[in-house]
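> Compute the structure for the input listed below.
(one chain, ligands or ions: 2)
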Amino acid sequence: KLVSKKWKVKPTVIDLGDGVVIEEGGMAIMAGPCSIEGEEQIEKTIQHLLDNNVKIMRGGVYKPRSSPYSFRGLGIDGLKVWYDAARKAGIKIITEVMQVSQIEEMHDYIDIFQVGARNTQNFNLLDELGKVHKPVLIKRGISGTIDELLSSAEYVFSAGNENLMLCERGIRTYEKASRNTMDINAITILKEKSHLPVIADPSHGIGIRDHVEPVALACIMAGADGVIYETHEKPEEAYSDGQQTLNFRESEKLINKMRKVFELR
Ligand code: PEP
Ligand code: MN
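Ligands and ions are numbered 1, 2, ... in the order given. As a prediction, this is how the structure comes out:
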């Protein structure tokens, strides 16, 4: 495989411009709400990120919801509002693209395309993302194996887009005490197998606010090159995934601890 270390030994570096780099030996932080909800929420989140020297904001404008009656995102108009605010603040944007037709409309307003766990094996989407000149983060499928994640990455890489990251976000197991089972094994295994940066998503990985911090810290010790997690000024009022979302005080505490733990690695 082209994403394998057997093919390329040198770690892949993702350069987002303006000095924002995701690479081995660094610890990229991507934080923000599950869903983008409006201008006020965007501004408050950006201020929180600026206060803590975080350069990349996450958030969904196209949301893959289990129920069609749940909030499904503000779409391209929401992305444009977010883009204007983020650009002014010097913050980079990562957001999920759900289908091929969205790639072009989103392209100029994003810095990283996120492929969600429900689309890890949407091979048409992966083919098309292989043709764009923007970084892509691929999440592991809900019940996907490590090799299936690497094969999905291979679609994008072999189609010509080498600006690629892998993301462990927990898998479905028999365990019901947590939303998903964060596979920390996958982080160290992916680091061994692939030259691509490996990002951990502890929010979806465990799905319970009070347990996001220890899981995030464990992922850093396991070798993650970055962490993506959910934060919101008032998680209880979030349009989606509030139960696993940190408030800004918890988020700040996590950022400080992650930076300390990273120094120990
Ligand atoms: C998300 O990042 O909000 C999301 C929907 O993640 P996943 O695709 O991992 O479920
Ligand atoms: Mn979410």
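
> Wait, residue 38 touches residue 77, no?
No. Residue 38 lies out of contact with residue 77 (Cβ atoms under 8 Å); the separation is 10.7 Å. For the C-beta atoms, the positions are set from N, CA and C on the backbone; glycine is no exception.

> Identify the residue of the chain closest to ligand 1, quick one.
residue 116 (3.0 Å; Cβ to the nearest ligand atom).

> Tell me the confidence at that residue?
At residue 116, the pLDDT value in this model is 98.

> backbone phi and psi for it, please?
phi -80, psi 170 (degrees, to the nearest 10).

> phi, psi of the residue lying closest to it once chain neighbours are set aside?
In space, and not counting its chain neighbours, residue 116 is closest to residue 96: 4.9 Å by Cβ to Cβ, 6 or more residues apart in numbering. Here is the backbone geometry of residue 96 (degrees, to the nearest 10): phi -80, psi 140.

> how near is residue 96 to ligand 2?
Computed with Cβ to the ion, to the nearest Å, the distance linking residue 96 and ligand 2 is 9 Å.

> Looking only at neighbour counts, state which of residue 38 and residue 77 leads.
Set residue 38 next to residue 77 and count neighbours by other Cβ atoms under 10 Å: residue 38 wins out with 13 against 9.

> tell me the phi and psi of that one?
The phi/psi pair for residue 38 (degrees, to the nearest 10) reads phi 160, psi 180.

> can you pull the contacts of it?
Neighbouring residues of residue 38 by Cβ atoms under 8 Å, 6 or more residues apart in numbering: 74, 78, 81.

> Make a markdown table out of the residues you listed and add neighbour count and distance to residue 248.
Below are these laid out as a markdown table (neighbours: other Cβ atoms under 10 Å; distance: Cβ to Cβ, whole Å):
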| residue | neighbour count | distance to residue 248 |
| --- | --- | --- |
| 74 | 21 | 21 |
| 78 | 21 | 21 |
| 81 | 17 | 20 |
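
> tell me which of the residues you listed is nearest to residue 172?
residue 74 (28.1 Å; Cβ to Cβ).

> residues from the stretch 101-250 of the chain in reach of ligand 1?
With Cβ under 6 Å from any ligand atom as the criterion, the stretch 101-250 of the chain meets ligand 1 at residues 116-118, 139, 169, 201, 204.

> 8 Å instead, please
114, 116-119, 139-140, 142, 167, 169-170, 201, 203-204, 228, 230, 240-241 (Cβ under 8 Å from any ligand atom).

> what sits opposite the spatially most central residue of the chain in the beta ladder?
Nearest residue to the geometric centre of the chain (Cα atoms, centre = their mean): residue 228, 4.7 Å. Residue 228 has these beta-bridge partners by DSSP bridges: residue 30.
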